[in-house]
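Trainee: Dropping a prediction and its sequence here:
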Amino acid sequence: MTSRPEAGDGRAFRINRVDHTGITVSSLTDSLDFWVDVLGFQHLYTWDFKNNSFIENLVGVEGASLSLAMIEGYGHKIELLQYYSPANRKTVDARSCDAGLYPHCNVRG
């Protein structure tokens, strides 16, 4: 049995709220078309980030440059990220059983 993590002062640690979920995509335009036009999310804003030390530290990727779009719907925000650099980034062809993949989207009508 695992115990609950504790804050530095010994109190039980718990998450009260999740602000958003980030998803790296290969095409921000195509992803926005799907999330907004098909699923009905609202496009809140798009930001572009050129490579600098701030963005490298924020995302933990040396040489990173990217655009992100924030969308919102059904009580949650999704941050869609399209990276332009570094040049050695990869596209992963993972299966739903492979660790690190978020395979399910439960949508209830």
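Mentor: Noted; the coordinates are in hand.
Trainee: Count the neighbours of residue 90 for me.
Mentor: Residues near residue 90, counting by other CB atoms under 10 Å, number 5. Just so you know, the C-beta spots here come from the backbone N, C-alpha and C atoms, and that holds for glycine as well.
Trainee: From residue 9, how far out is it?
Mentor: Plainly put, residue 90 is 41 Å away from residue 9 if you go by CB to CB, to the nearest Å.
Trainee: State the pLDDT value of the spatially most central residue of the chain.
Mentor: Geometric centre of the chain, nearest residue: residue 22, 0.9 Å, by CA atoms, centre = their mean. For residue 22, the pLDDT comes out at 90.
Trainee: which stretch of helix or strand covers it?
Mentor: strand 20-24 (DSSP states H and E).
Trainee: Neighbouring strands of that strand in the sheet, and parallel or not?
Mentor: Counting by DSSP bridges, the strands paired with strand 20-24 are strand 76-85 (parallel).
Trainee: May I see the buried residues of the partner strand?
Mentor: Neighbour counts using 16 or more other CB atoms under 10 Å place 77, 78, 79, 80, 81, 82, 83 of strand 76-85 among the buried residues.
Trainee: average model confidence for that strand?
Mentor: Mean predicted confidence for strand 76-85 is 94.
Trainee: longest single helix anywhere in the protein?
Mentor: Secondary structure of the chain per DSSP state H: the longest helix is helix 53-59.
Trainee: circling back to that earlier point, what's downstream of the strand holding residue 22, the next helix or strand?
Mentor: Counting by DSSP H and E, the next helix or strand C-terminal to strand 20-24 is helix 28-32.
Trainee: So what touches that next one?
Mentor: Helix 28-32 is touched from outside by 23, 25, 43, 46, 67, 68, 69, 71, 80, 82, with contacts defined as CB atoms under 8 Å, 6 or more residues apart in numbering.
Trainee: Would you pull up how far stretch 82-93 lies from the middle of the chain?
Mentor: Between the centre of stretch 82-93 and the centre of its chain there are 15 Å (CA atoms, centre = their mean, to the nearest Å).
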